[in-house]
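A.B. asks: Return a 3D structure for these sequence lines:
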Amino acid sequence: MIINTNPSAAMAARILGESSSALQKSLSRLSSGSKIASPSDDAAGTGVAMKFAAQINRIQAAKDNVGNAISYSQTQDGFLEKVGNALDRMSELAMLAQDETKTNQDRALYHKEYGKLDDFITAIKDKTFNGVSLFSTTSMEVTVSGDGTTFLSSAVTLSKIGSSASIATHSGVATSASAAASVTILRSAISAIANDRAVVGANMSRLEAESSSLSVLKDNMSAARSRIADVDVAQESANFARQQILVQSGTAMLAQANVLPQSALRLIG
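C.D. replies: As a prediction, the model looks like this:
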């Protein structure tokens, strides 16, 4: 029986310290929701989870870019639809102006509306989306992935509107002859607008497919990162309860180990 050294107490203290450390880690995981409380818990997992997190953020940024590009294309289509409606009405006016039972004074009334619609269409060319021209000759490069891959969204120029060969330069429907000429020009303009809407529709279809693909990729990447970094609450709760019991029993045993050397007093006394 010895007094200066108490191996039982030393061993109980060591085990209690390990149990307390494990309990603290378990508590940290449960409170933070992260399986990796410290990089030392899973060095490789920390690195992989960090790369996944960065990639997920890039994917979300690309998805935002695609969403803005879709809004841009939808705005284009909205204006093109209005232009198409105006051209339809102008072609109707041009046909009405060819009625031989009407005089040029009557046609002048049609020409007033015709001219205002012509001005409206010409003004559409200058519309912008957040300062970016909606109708220009330059195609728009849209980033559609987290690694920087781009999609070239075809440009829509409205080249048949407001140019030297457009409806903005002829004499309108002031006379029967000019009205007949307008019908030919308007048919060409309507065909051009129909083609432009098809181009915009194709752009939107591709961009919506890219957005859906990015959403699926982000979900899968998030799930992969979660398996590495997120704590299983049910499993960790069981571990937490186990460590609590070990800490409580370790504390009790340490107290008992510290009492043992007192038996030596009986021999001395």
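
A.B. asks: how about the helices in this protein?
C.D. replies: 7-32, 43-96, 104-124, 176-229, 233-259, 264-268 (DSSP state H).

A.B. asks: can you redo those helices as a markdown table with mean neighbour count?
C.D. replies: The C-beta positions use only the backbone N, C-alpha and C, and glycine is treated the same way. Output for the helices of the chain, formatted as a markdown table (neighbours: other C-beta atoms under 10 Å):
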| stretch | mean neighbour count |
| --- | --- |
| helix 7-32 | 16 |
| helix 43-96 | 17 |
| helix 104-124 | 16 |
| helix 176-229 | 17 |
| helix 233-259 | 14 |
| helix 264-268 | 8 |
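
A.B. asks: looking at the ones you listed, which is closest to Val132?
C.D. replies: Among those, helix 43-96 comes nearest to Val132, with 7.3 Å by C-beta to C-beta.

A.B. asks: other SSEs contacting that closest one?
C.D. replies: Packing partners of helix 43-96 (3 or more C-beta pairs under 8 Å, 6 or more residues apart in numbering; DSSP states H and E): helix 104-124, strand 128-129, strand 140-143, helix 176-229.

A.B. asks: Provide the strand pairings for the second one, with the direction of each partner.
C.D. replies: Translated: strand 128-129. strand 132-133 (antiparallel) (DSSP bridges).

A.B. asks: Show me the one of the helices and strands packed on helix 43-96 that comes nearest Ala53.
C.D. replies: helix 176-229 (6.2 Å).

A.B. asks: and that closest one, average pLDDT?
C.D. replies: Helix 176-229 carries an average pLDDT of 90.

A.B. asks: That helix vs helix 104-124, what angle?
C.D. replies: Per axes from the mean of the first three to the mean of the last three C-alpha atoms, to 10 degrees, the angle that helix 176-229 makes with helix 104-124 is 20 degrees.

A.B. asks: by how many degrees do helix 176-229 and helix 43-96 diverge?
C.D. replies: Going by the same axes, to 10 degrees, helix 176-229 makes 170 degrees with helix 43-96.

A.B. asks: How far away from the center of its chain is helix 176-229?
C.D. replies: 17 Å (C-alpha atoms, centre = their mean, to the nearest Å).

A.B. asks: Which neighbouring elements make contact with it?
C.D. replies: Packed against helix 176-229 by the contact rule (3+ C-beta pairs under 8 Å, 6+ apart) you find helix 43-96, helix 104-124, strand 150-153.

A.B. asks: dump the residue contacts of the closest residue to Phe240 other than its chain neighbours.
C.D. replies: Nearest residue to Phe240, sequence neighbours excluded (C-beta to C-beta, 6 or more residues apart in numbering): Ser26, at 4.3 Å. Residues near Ser26 by C-beta atoms under 8 Å, 6 or more residues apart in numbering: Glu236, Asn239, Phe240, Gln243.

A.B. asks: rerun at 10 Å
C.D. replies: Taking C-beta atoms under 10 Å, 6 or more residues apart in numbering, we find Ser26 in contact with Ala37, Val231, Glu236, Ser237, Ala238, Asn239, Phe240, Ala241, Arg242, Gln243, Gln244.
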